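In: Sharing a sequence plus its predicted fold:
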Amino acid sequence: MIFKRLWWTIRLCMIGDSMKRADYARASGIYGFVGKQVSIMPRIVPLYSELIKINDNVIIASNVTFLTHDAINYMLNNCAGVQKKFKERIGCIEIGKNSFIGGGSTILYDVKIGENVIVGADSFVNHDLPSNGVYAGCPARKIGDYADYVNKRMKEEEKGLITTTEHHQHLTAADIKAAWKHFYEKRNSDIY
């Protein structure tokens with residue numbers, strides 16, 4: 001199994017597109033389940049990846065870590081006077097449909113992330129996250145509602161309060177110029 005996991009990781013590193021990475025993961029059976037319209041940016045296959053289910057329309061940003069196990073049993077078994085030999089603890093992770101996991105986040109075992117959930121960057125998820133929420137922090141806690149976030153984002157785009165592009169993973173000269181213009185206007189305005 002170690003060779004297979006290493007092969008999968010090497011193969012994922014060679015696939016540049018995150019949606020194609022998800023397609024490969026689905027076809028290869030890397031995860032317990034991978035739904036449709038999934039984007040997997042991490043290239044490292046976690047240990048016991050078959051304990052992870054990723055439902056439809058899920059985006060997993062860069063450097064997200066899935067921990068399906070702990071290794072404390074090794075330390076406990078080396079303690080002087082310990083009579084019992086501890087076993088490795090494992091657990092499942094499930095991500096509900098229409099969810100986003102922000103870059104650098106860590107998801108622990110025995111965690112279910114509901115549907116319509118946004119997890120902010122660098123969050124630490126060590127408990128279930130109910131559906132229809134925005135969560136962030138260490139540990140992750142609810143900071144907003146999903147519907148409110150979507151409505152706010154639509155208004156920001158409509159009013160031109162944020163810089164956007166229609167070009168996936170490619171910026172035109174106009175995109176770059178608009179981003180820098182917005183960057184400096186934002187700092188010289190009372191709106192923000």
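Out: Everything's here; your move.
In: Show me how the protein divides into domains.
Out: As assigned by automatic domain parsing, the chain contains the domains 2-145, 160-192.
In: Which of those domains has the highest mean neighbour count?
Out: Comparing the domains of the chain by mean neighbour count (mean count of other CB atoms under 10 Å), domain 2-145 ranks first with a mean of 17. Bear in mind the C-beta positions are built from the backbone N, C-alpha and C, glycine included.
In: farthest residue from the center of the protein?
Out: Taking CA atoms, centre = their mean, the residue of the chain most remote from its mean C-alpha position is Gly81, at 40.9 Å.
In: would TSV of the domains of the chain with distance to Asn151 and mean pLDDT be doable?
Out: As requested, the domains of the chain are exported to TSV (distance: least, CB to CB, whole Å; pLDDT from 0 to 100):
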stretch	distance to Asn151	mean pLDDT
domain 2-145	9	94
domain 160-192	13	82
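In: export those to CSV and tack on distance to Lys152?
Out: Formatted as CSV, these follow (distance: least, CB to CB, whole Å):
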stretch, distance to Lys152
domain 2-145, 9
domain 160-192, 10
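In: closest one to Met154 among those domains?
Out: Set against Met154 and scored by CB to CB, the domains of the chain come closest in domain 160-192, at 10.7 Å.
In: Can you get me the start-to-end distance on stretch 68-86?
Out: Start-to-end span of stretch 68-86 (CA to CA, to the nearest Å) is 17 Å.
In: and for it, what are the contacting residues?
Out: Stretch 68-86 has contacts (CB atoms under 8 Å, 6 or more residues apart in numbering) with 46-49, 51-52, 87-93, 109.
In: Over to stretch 58-67?
Out: Contacts of stretch 58-67 with the rest of the structure, by CB under 8 Å, 6+ apart, involve 18, 35, 38-42, 46, 49, 52, 54, 93, 95-109, 121.
In: Inside helices: which ones of those?
Out: Ser18 (DSSP state H).
In: Helices of the chain, start to end?
Out: For the chain, the helices defined by DSSP H cover 2-13, 18-28, 72-77, 146-158, 173-187.
In: can you redo the ones you listed as TSV with distance to Ala61?
Out: Converted to TSV, these look like this (distance: least, CB to CB, whole Å):
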stretch	distance to Ala61
helix 2-13	15
helix 18-28	9
helix 72-77	28
helix 146-158	16
helix 173-187	20
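In: which one of those lies closest to Pro139?
Out: Of all the helices of the chain, helix 72-77 sits nearest to Pro139, with 18.1 Å by CB to CB.
In: now that closest one: how far from the chain's centre is it?
Out: Centroid separation for helix 72-77 versus its chain: 29 Å, with CA atoms, centre = their mean, to the nearest Å.
In: Over to stretch 11-26?
Out: 15 Å.
In: now do stretch 133-140
Out: Its chain's average C-alpha position is 12 Å from that of stretch 133-140, according to CA atoms, centre = their mean.
In: what does that stretch rub up against?
Out: With CB under 8 Å, 6+ apart, stretch 133-140 has contacts from 102, 105, 114, 116-127, 129, 141-146, 148-149.
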